[in-house]
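Undergrad: sequence and predicted structure below; questions after.
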Amino acid sequence: MASTRTELGEFLRSRRERLTPERAGLPAGLTIRRVPGLRREELAQLAGVSAGYYTRLEQGVSHGASPAVIDALATALQLDEAEHQHLRTLATPRRPIRHRPRRHVLRPAVRDLLDALDLVAAVVIDHRTEVIGWNRLGHAMLASHLDWEAPETRSRPNIARMLFLDPHHRALYRDWRGKALATVAALHQQTPRHPGDIGLERLVGELTVASGEFALMWSQRPVRTCASSLRELDHPVVGRMTLTNETLSLPDDDQQLGLFHARPGTPDQEALTLLAALEHPTTTPPSAAVEAQAHR
């Protein structure tokens, strides 16, 4: 994995090439541009820094930039809040610590919370998108082709790996590209926050080699905050569902809790109800849910 200094330069370059002179309020000029987007000199002028200083920053030669310079570059590049924060993180790298991959565990209280969510599919992942735990409905919805105990094994399921390399999981998302981009963006934001994380480096390296789609998305350096979204799913058992996906942080554990739920009284909730009943055979599925699924 590239160093944080190199990542800073590559991120700046990707956003500079994305910004056209017209969007930046500059005249397009009469000469043919050999590179997409703004020239380094143009961006430096917009940000109020010297062209030489910006060039060194983008090439990874400079050791860093002040908060004022980073804010000026973010304004010139027209970054959104998530991209601006990512730029700040890259510009103030943490000291790399080489360590063995740390195995995260699920706190008993979080396990109790998962078990209490009857009609909400829930999954807990760490910063590498490894599945730390899920409830019965979360397992049935996201990865019923895997063993229920899979998060407790040495080879835990990994959401990013499943999205790009597992055809069963990939087929679940009707907007696969949108989900994939959000996942790559999340990994991009985690890399400068966990320098020297061998497990994270290995995951990115594996996916870059194994998936051309991942490699292309990673090179584009997407950054976004996706705490809440609608996910259109095509489940192999209960058919199509549109669920709200909420992501909550568990800061004490450096983990995230993903929740999938449906609006009450909708066919989507009926599908979740049926899936929950099928996961617990002793529970008789409501007749309305069964009838609804016959027409899906």
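TA: Arrived safely.
Undergrad: okay, CA-based contacts and neighbour counts for the rest of this
TA: Noted.
Undergrad: surely residue 205 is within a strand?
TA: No: looking at residue 205 with DSSP: H, G, I helix; E, B strand; the rest coil, it is helix, so not inside a strand.
Undergrad: in what helix or strand does residue 180 lie?
TA: Assigned by DSSP states H and E, residue 180 belongs to helix 176-190.
Undergrad: now that helix, how far from the centre of its chain.
TA: 3 Å (CA atoms, centre = their mean, to the nearest Å).
Undergrad: check stretch 77-97 too.
TA: 16 Å.
Undergrad: same deal with stretch 165-178?
TA: 14 Å.
Undergrad: same deal with stretch 272-280?
TA: 28 Å.
Undergrad: with stretch 222-238 instead?
TA: 11 Å.
Undergrad: run through who's touching that stretch.
TA: 82-83, 86, 141, 171-175, 181-182, 184-186, 188-189, 239-248, 271, 274-275, 293 (CA atoms under 8 Å, 6 or more residues apart in numbering).
Undergrad: from those, which land in helices?
TA: Counting by DSSP state H, the part of those found in helices is 82-83, 86, 141, 181-182, 184-186, 188-189, 271, 274-275, 293.
Undergrad: mind listing what's buried along the helix holding residue 180?
TA: Neighbour-count burial for helix 176-190 flags 176, 179-190 (criterion: 16 or more other CA atoms under 10 Å).
Undergrad: what does stretch 165-173 give?
TA: Quick answer for stretch 165-173 (16+ other CA under 10 Å): 168, 169, 170, 172, 173.
Undergrad: separation between the fourth one and residue 185?
TA: Taking CA to CA, to the nearest Å as the measure, residue 172 and residue 185 are separated by 20 Å.
Undergrad: now do the helices in the stretch 1-150 of the chain.
TA: 4-18, 21-24, 40-47, 51-58, 67-77, 81-91, 108-116, 136-142 (DSSP state H, counting those that start in this stretch).
Undergrad: ok so, going back, which two among the buried residues of stretch 165-173 are spaced furthest apart?
TA: 168 and 173 (9.9 Å; CA to CA).
Undergrad: nearest spatial neighbour of residue 90, chain-adjacent residues omitted?
TA: Nearest-residue entry for residue 90: residue 8, 5.4 Å, with adjacent residues in sequence omitted and distances by CA to CA, 6 or more residues apart in numbering.
Undergrad: dump the residue contacts of the one you found.
TA: Here residue 8 is in contact with 57, 58, 60, 87, 90, 91 (criterion: CA under 8 Å, 6+ apart).
Undergrad: now for the fifth one, how many residues are close by?
TA: Residue neighbour count, defined by other CA atoms under 10 Å, stands at 25 for residue 90.
Undergrad: what residues does residue 123 make contact with?
TA: Counting by CA under 8 Å, 6+ apart, residue 123 has contacts 114, 131, 132, 133, 134, 135, 138, 139, 257, 258, 259.
Undergrad: between which two of the ones in helices among the contacts of stretch 222-238 is the distance greatest?
TA: 86 and 293 (43.6 Å).
Undergrad: more neighbours: these two, which one.
TA: Of the pair residue 86 and residue 293, residue 86 is the one with more neighbours under other CA under 10 Å, namely 21 against 18.
Undergrad: what's the nearest residue to the more buried one if we skip its chain neighbours?
TA: residue 189 (6.4 Å).
Undergrad: quick check, pLDDT for that neighbour.
TA: Residue 189 is assigned a predicted lDDT (pLDDT) of 89.
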